[in-house]
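Undergrad: predicted structure and sequence below. I'll ask about it afterward.
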Amino acid sequence: MIKANKTYLGVLFFDLYAKIQLKRYFRKITVIGDFEDNGKPILLISNHFSWWDGFIQLLLNKRVFKRKLYVMMLEEQLRKFMILNKGGAFSIRKNSRDIVESLEYTTGLLKHKENVLLIFPQGEIQTLYTHDFVFEKGLEYILKKLNGEVQIVFNVNLVDYFSYKKPSLNIYFTPYNVGDKIDIETIQKDFTHFAHECIKNQTDK
């Protein structure tokens, strides 16, 4: 696996890049949600729909969580854009013996309260119009290892154009309580329900 090699200059570069590029390509960005910090590290579970993923959550982290952001990426994608490693990206390779090492590395990062870790449990970029989410099993492994010592936050990002050349971006987020029994099917069902609520909010405007 490729471990994160976060550097001061790397973090500074991506902070500025995300701020400038998101402002350039989106007409309006709105962050919608509430968060009450309990002091534990944060596991951010997000939908994976575009090239902008990661930069969107970086902005969310800057505005709301204000932690050190780390991002789990597929290894073949990270190797194409190794500069992301300097900003906190690390790799996972599905269907390989290295996957346990990546999951253990992930749980290690989530034992430090100053960290927020972003994962895309769909495992790949999917259409924005996905209505039923199916998560990879690694999420369940991570949560069982952490045994409740983490804050889980759901994040769904949606765009609309309407009559404008540039789209608006709505960044929705909500805390999630996994409960005593950790079950991946329950988590993906609850995430799907949250995504449907976000879509309804879009259409009700």
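TA: Thanks, I have it. Residues are numbered from 1 along each chain as shown.
Undergrad: surely His48 touches Ile119?
TA: No. Under the criterion of Cβ atoms under 8 Å, His48 is not in contact with Ile119, lying 9.3 Å apart. Where C-beta positions appear, they are placed from N, C-alpha and C, glycine not excepted.
Undergrad: so these two - more neighbours on which side?
TA: Ile119 (22 against 17; other Cβ atoms under 10 Å).
Undergrad: report pLDDT for that one.
TA: pLDDT recorded at Ile119 is 93.
Undergrad: and it, its phi and psi?
TA: Here is the backbone geometry of Ile119 (degrees, to the nearest 10): phi -130, psi 150.
Undergrad: for Lys86, same thing?
TA: According to degrees, to the nearest 10, Lys86 has phi -70, psi -20.
Undergrad: that one: neighbour count?
TA: 18.
Undergrad: you'd agree Val156 is in a helix?
TA: No. Counting by DSSP: H, G, I helix; E, B strand; the rest coil, Val156 is not found in a helix; it is strand.
Undergrad: show me the contacts for Lys145.
TA: 103-104, 107 (Cβ atoms under 8 Å, 6 or more residues apart in numbering).
Undergrad: kindly apply the preceding question to Tyr161 instead.
TA: 167-168 are the contacts of Tyr161 under Cβ under 8 Å, 6+ apart.
Undergrad: compute the number of surrounding residues for Glu197.
TA: So Glu197, with other Cβ under 10 Å, has 13 neighbours.
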